[in-house]
Each structure stands twice: as C-alpha cells, then as structure tokens.
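*Asks:* Okay, sequence plus prediction incoming.
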Amino acid sequence: MGRAEIERDVTAERTRLAVLPQLQHWIAVPLMFAVLIVAAGFSLRSSRDFTGADFAVDAALSHHHTPPRTAIALIVNVLFSPAAGVVIIAAICLFLLLVRRSPVNAFATGLVAAGSWVSSELFKLIVARHRPDSAALFDPLTPEPGTDSFPSGHTALAVAIVIALFLLARGSRWQWPVLVVGAAVALTVALSRIYLGVHYPTDVAASFLTSLTGASFITGLWNRYGLAALARLPFLARLGPVPAPVS
C-alpha cells in the first residue's frame, strides 16, 4: 500500500462521521414519536392503575436489597449523574479531537450524545410526572422527590452515549462489541434506577425511546448543517481533516 493510499485511509477514518445514517423523514418521524411519548407520559401520570402497577415493581425490589447490589446501584447513580454525563461526553470529544485528531468525529459524536440526552430533559419538563414515593418503600436508599420522573435521565444518558459510540464504531471491527457492551451498560443503569426506587419501570423504558428519538433528529440535523458549521471554524483544520460541505 502506497503513502497516498495510507493517507486516504487515515483521512477516511478521521472523517467517518462526516455523513451519519439518517431517516428519510428525519423531522416528521421524530416529531411523531415525540408526540406519542408525551401522550404516553400524560397517560401514565394521570392513571392511578398504571402508577400502582409501576410502583409495585419498585416496592417489591425494595424488599430484596443486598449490599453488593446496592453498592453497584449507588455507583451507577454517581457515574451517570448529570454532572458525570457532561464530563464523560466532554472527555470522549476531547479524546477524538486532540488524540485521534478527528474534529468531524469529535463534534458529530458530541452532538449525537448530548442532543439525544438533552431531549429526555425536554420530556421531563413537559410531562412532569411525580417520582415514586420513597416513604412508601420498605428500604428507601436515595430519595429523590420531584416531578421529573418521566423519563429517567440517567438511563437516557447511558443510551445516548451508546448510540453515539455505536455510530462511531459502525462499519469497524468494534461495531458489535460496542453495541453488546453498551446495551448491557444501558440495561444495568435502567435496572439500577428501579432498584433504587427513584423511577418507575415505564420511566426507564421510555428513556430508550426518547434517546433514540432525539438521535434520529440529530443525525439529520448534522447531515444538513454539520460540515457547513465546522467550515466556519478554520482553526479546526489544524487539528485534523475537515471535508468541505456537500452543496
């Protein structure tokens, strides 16, 4: 393999996220799912039957706490907190930007991860579902009162990071390991939120859908405006290749 071919391969690797896979109707489909998610959230919030069935799972788990499980759940609570989420996403982006010399990959990964995660916060504000009543649990571990139960931000963060890393690894030998390990981590985070009694099962289930909905919009947004926005930051070319936007 000649020098020119090696350089082309390196450039292609550093700009692998210049174009992301997207839905054909990347505005209409996420909007439709967003409406359905909000409608589901309002239904769950207003239905005592749904809430009672949801809470029964939290209450049952509260009777089966063990020191090892509790330690894992509390560690996860910290590792995927909002503050930690900002640090994790920033660290990934800085690694791609400064170590891998990939401005395109860094910004695309950060946008997908952050955008997918933040979308869950919008649903929290709109739905405003009360969290489970910790006083009614057999063994409340970390009470979190408030009206931000639907969806779970911790779970949405984990799913958003997995989506971003999967897109980064897509087409490489790391694609399936990232997906398998990432799915296991996201499920662990989801179960930990129910175990701690700070979210209902439907909250964490909705988190997967909210992050996927956010990501489906963000990928289309990136393909439409991403490279054009990076082109306005000429200093990025010193850190790595930035292809010209396709007109």
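*Replies:* That came through, no problem. Numbering: from 1, shown residues only.
*Asks:* helices or strands next to the helix or strand residue 71 falls within in the packing?
*Replies:* Assigned by DSSP states H and E, residue 71 belongs to helix 67-79. Applying 3 or more CB pairs under 8 Å, 6 or more residues apart in numbering; DSSP states H and E, we find helix 67-79 packed against helix 175-195. Every residue, glycine included, has its C-beta placed from N, CA and C.
*Asks:* Helix 67-79 and the helix it packs on, what's the angle between them?
*Replies:* Interaxial angle, helix 175-195 versus helix 67-79 (axes from the mean of the first three to the mean of the last three CA atoms, to 10 degrees): 110 degrees.
*Asks:* Can you name the residues in contact with helix 175-195?
*Replies:* The contact list for helix 175-195 (CB atoms under 8 Å, 6 or more residues apart in numbering) reads 57-58, 61, 65, 69-70, 72-73, 76-77, 80, 152, 154-155, 157-159, 161-162, 165-166, 168-169, 199-201, 203-205, 207-208.
*Asks:* Name the residues of that helix that come out as buried.
*Replies:* Across helix 175-195, burial judged by 16 or more other CB atoms under 10 Å covers 178-179, 182, 185-186, 188-195.
*Asks:* mind listing the helices in this structure by residue range?
*Replies:* Listed in chain order, the helices of the chain (DSSP state H) span 3-14, 28-46, 48-62, 67-79, 82-94, 103-127, 153-169, 175-195, 201-231.
*Asks:* buried ones in the last one?
*Replies:* Looking back up the chat, that one is helix 201-231. Buried, per 16+ other CB under 10 Å, within helix 201-231: 201-223, 226-227, 230.
*Asks:* quick one: which of the buried residues of helix 175-195 is nearest to residue 11?
*Replies:* residue 178 (22.4 Å; CB to CB).
*Asks:* Which residues are in contact with the residue lying closest to that closest one once chain neighbours are set aside?
*Replies:* Spatial nearest neighbour of residue 178, excluding adjacent residues (CB to CB, 6 or more residues apart in numbering): residue 169 at 4.3 Å. Going by CB under 8 Å, 6+ apart, residue 169 touches 175, 177, 178, 179.
*Asks:* pLDDT score assigned to the nearest residue to residue 150 once chain neighbours are set aside?
*Replies:* Excluding the flanking residues, the one nearest residue 150 by CB to CB, 6+ apart is residue 129, at 4.0 Å. If you check residue 129, the pLDDT there is 96.
*Asks:* try residue 1
*Replies:* pLDDT, read off for residue 1, is 53.
*Asks:* Grab the most central residue of this protein for me.
*Replies:* residue 160 (1.5 Å; CA atoms, centre = their mean).
*Asks:* is it true that it touches residue 117?
*Replies:* Yes - in terms of CB atoms under 8 Å, residue 160 counts as a neighbour of residue 117; the distance is 4.0 Å.
*Asks:* Would you confirm that residue 119 contacts residue 211?
*Replies:* Yes - under the criterion of CB under 8 Å, residue 119 makes contact with residue 211 at 7.0 Å.
*Asks:* ok, the closest residue to residue 159 other than its chain neighbours - contacts?
*Replies:* Closest residue to residue 159 apart from its sequence neighbours, by CB to CB, 6+ apart: residue 211 at 3.9 Å. Listed by CB under 8 Å, 6+ apart, the contact partners of residue 211 are 116, 117, 119, 120, 156, 159, 160, 163.
*Asks:* let's go with 10 Å and repeat that
*Replies:* Taking CB atoms under 10 Å, 6 or more residues apart in numbering as the contact definition, residue 211 lies against 112-113, 115-120, 151, 155-164, 186.
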